[in-house]
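1. compute the structure for the input listed below.
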Amino acid sequence: MGRMNDLLSSLRSSPWLATLVPATIAVIIALVIHRIGGVVLRRAARLSVVLQHVVESLHRPAQFVLPLIALQGVWQAAPDSLRFIDTVRHFNGLALIGCFIWLLTNAISGFADGIIAKHPQDVEDNLQARRIFTQTRVLARTAQILVLMAGGALMLMTFPGARQVGASLLASAGVIGIVGGIAARPVFSNLIAGLQIALAQPIRIDDVLIVQGEWGRVEEITGTYVVLSIWDERRLIIPLQWFIENPFQNWTRNNSQLLGAVFFYVDFGMPMAPLRAEMERIVRAAPEWDGRVFVLQITDTTEKTMQVRVLATAGSSGKAFDLRCRIREGMIDFMQREYPQFLPQLRIQAAADFQPLGRHESAPPAAGSDAPKMEHAVHIDTPQADAPAPQARPAG
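-> Coordinates of the predicted model:
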């Protein structure tokens, strides 16, 4: 009983000790509430994937937010005459604002992760999933940036000096506004471009693009730039504003299906029926073909060869590339094996003697004439590989 009286007398004689005891009790109660509330919320969120991600993302920051709220209540209830109480209240308020920013950004991130988890991308036709992924990521990052800016402004406003600076800035808002607008133009232009991309969606995550002559997939869309994964494992970093102001190719804008084209050249003597039959056999046996279209046509001719074009469809750009390579290799192998004489080739044949001039044709130039004398003729042709050499014909 005497010890209890001594403790009470010491508490009365030490104002800070009298404040720290209820502060400790408040922190313990807050942690117990956090523990029990976490269990209850996890069970309640089992029916929704989005809620599960949100609850998991809030668990860690809430472990700090609840005790800080309890402490702030204790500090506010403490007497103003307590030494350093204003400094403690200020720092506790700053910590509380920082943890609230952490809580909100985690909540936004968890909500985005839940939306993405509801629409998996590991399916054959993932156009809708990629659209949702892009919108969710860009909008979530934009919201997180706004939360950080608002939280930073609130933390600055807790300092009396910052409020005075703000009043001074308002007095000279014209000049400061112009300078700030020029300095922040790239940031805000990319932020607005990010919102445009999220809503209009000219590009999405995993889209196949041709940008400045480079072929690649959209690997990441941040609040300020896009990361394009090039086919040879390089990374092309492009500001968001560039996609709003410049044209580019999107091979997967509406769907991932593509029409692949293969061109090769053959001699005029090549029959088309065997080529079509072999092309059909190759395409039907190819696992990359999606079963929609395949066709072989002569699309152009030159003085020496015919241009043959093969069209075939595939479910994605990667499969279309592999299918084109398979068709090209198969058709070349077929012609080398079955019709090598009709492959494009250029031969030069020299004929020592040509037929004599006819009776009514012009006579050769006289001796001493300035006209050039032809020693022999060169004949350029593309005959078959086993064609016989030309024979001289008697004069008519």
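2. quick one, helices of this protein?
-> Along the chain, counting by DSSP state H, helices occupy 2-13, 15-44, 49-77, 85-118, 127-157, 160-171, 173-183, 185-200, 240-245, 272-285, 317-338.
3. and the longest one, how far out from the chain's middle?
-> Distance, stretch centre to chain centre, for helix 85-118: 29 Å (C-alpha atoms, centre = their mean, to the nearest Å).
4. tell me which of the helices of the chain sits nearest to Val308.
-> With C-beta to C-beta as the criterion, Val308 lies closest to helix 272-285 of these, at 6.9 Å. C-beta here means a position set from N, CA and C on the backbone, and glycine is covered the same way.
5. who's Val266 bridged to?
-> In this entry, Val266 is beta-bridged to Met306, by DSSP bridges.
6. quick check: it vs Thr299, distance?
-> 12 Å (C-beta to C-beta, to the nearest Å).
7. repeat for Ala150
-> From Ala150 across to Thr299, the span is 60 Å (C-beta to C-beta).
8. that older thread, which one of the helices of the chain has the lowest average pLDDT?
-> Among the helices of the chain, helix 173-183 carries the lowest mean pLDDT, a mean of 50.
9. ok, back up a step: so which of the helices of the chain comes closest to Gly216?
-> helix 317-338 (10.5 Å).
10. tell me what the closest one is packed against?
-> strand 258-266, helix 272-285, strand 306-314 (3 or more C-beta pairs under 8 Å, 6 or more residues apart in numbering; DSSP states H and E).
11. buried ones in the longest strand along the chain?
-> As assigned by DSSP state E, the longest strand anywhere in the chain is strand 289-301. Buried residues in strand 289-301, counted by 16 or more other C-beta atoms under 10 Å: Trp289, Asp290, Phe294, Leu296.
12. next: stretch 73-84.
-> For stretch 73-84, by 16+ other C-beta under 10 Å, it's Val74, Trp75, Ala78.
13. Thr19 is in contact with the last one, correct?
-> Spelled out, it's Ala78. Yes - Ala78 is within contact range of Thr19, at 4.8 Å (criterion: C-beta atoms under 8 Å).
14. domains in the chain, by residue range?
-> For the chain, automatic domain parsing gives the domain ranges 12-200, 208-250, 258-342.
15. so Ala117 versus Ile205, what's the distance?
-> Between Ala117 and Ile205 the distance is 15 Å, computed by C-beta to C-beta.
16. please apply the same query to Thr222.
-> 11 Å.
17. between those two, point out the one with more neighbours.
-> Using other C-beta atoms under 10 Å as the criterion, Thr222 and Ile205 rank with Ile205 on top: 23 against 14.
18. pLDDT score assigned to that one?
-> With respect to pLDDT, Ile205 scores 83.
19. quick check on it: phi, psi?
-> Per-residue torsions, Ile205: phi -60, psi 130 (degrees, to the nearest 10).
20. residue contacts, it?
-> Contact partners of Ile205, counting by C-beta atoms under 8 Å, 6 or more residues apart in numbering, are Gln121, Arg130, Phe133, Thr134, Arg137, Val218, Glu219, Glu220, Ile221.
21. picking that back up, closest one to Thr158 out of the buried residues of stretch 73-84, please.
-> Closest to Thr158, out of all of the buried residues of stretch 73-84 and judged by C-beta to C-beta, is Trp75, at 13.9 Å.
22. and the closest one, what does it touch?
-> Thr19, Ala23, Ile85, Val88, Arg89, Asn92.
23. for the residue nearest to it when sequence neighbours are not counted, give me its contacts.
-> Nearest residue to Trp75 in three dimensions, chain neighbours excluded: Arg89, at 4.7 Å (C-beta to C-beta, 6 or more residues apart in numbering). Contacts of Arg89 were listed using C-beta under 8 Å, 6+ apart, and they are Gln72, Trp75, Gln76.
24. now the longest strand of the chain and helix 272-285, what's the angle there?
-> Calculated by axes from the mean of the first three to the mean of the last three C-alpha atoms, to 10 degrees, strand 289-301 forms an angle of 150 degrees with helix 272-285.
25. from the chain's centroid, how far away is strand 289-301?
-> Centroid separation for strand 289-301 versus its chain: 31 Å, with C-alpha atoms, centre = their mean.
26. also stretch 270-282?
-> Offset of stretch 270-282 from its chain centre (C-alpha atoms, centre = their mean): 39 Å.
27. would CSV of the helices of the chain with distance to Ile230 be doable?
-> Conversion of those to CSV gives the following (distance: least, C-beta to C-beta, whole Å):
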stretch, distance to Ile230
helix 2-13, 70
helix 15-44, 43
helix 49-77, 32
helix 85-118, 25
helix 127-157, 19
helix 160-171, 45
helix 173-183, 33
helix 185-200, 20
helix 240-245, 16
helix 272-285, 29
helix 317-338, 13
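28. out of these, flag the one nearest Glu233.
-> The nearest among those, by C-beta to C-beta, is helix 317-338 at 14.4 Å.
29. so where's the stretch 251-396 of the chain uncertain?
-> The model of the stretch 251-396 of the chain has pLDDT under 70 over residues 346-396.
30. next, the angle from the longest strand of the chain to helix 317-338.
-> Here strand 289-301 points in a direction 60 degrees away from that of helix 317-338 (the same axes, to 10 degrees).
31. so what secondary structure elements neighbour strand 289-301?
-> Short answer (3+ C-beta pairs under 8 Å, 6+ apart): strand 289-301 packs on helix 272-285, strand 306-314.
32. what's the longest one in contact with?
-> Residues external to helix 272-285 that are found in contact with it (C-beta under 8 Å, 6+ apart): 266, 289, 294, 296, 298, 308, 310, 312, 323, 326-327, 330-331, 334-335, 338-339.
33. tell me the angle of that helix relative to strand 306-314?
-> Interaxial angle, helix 272-285 versus strand 306-314 (the same axes, to 10 degrees): 20 degrees.
34. how about helix 272-285: buried residues?
-> Under 16+ other C-beta under 10 Å, the buried positions of helix 272-285 are Leu275, Arg276, Glu278, Met279, Ile282, Val283.
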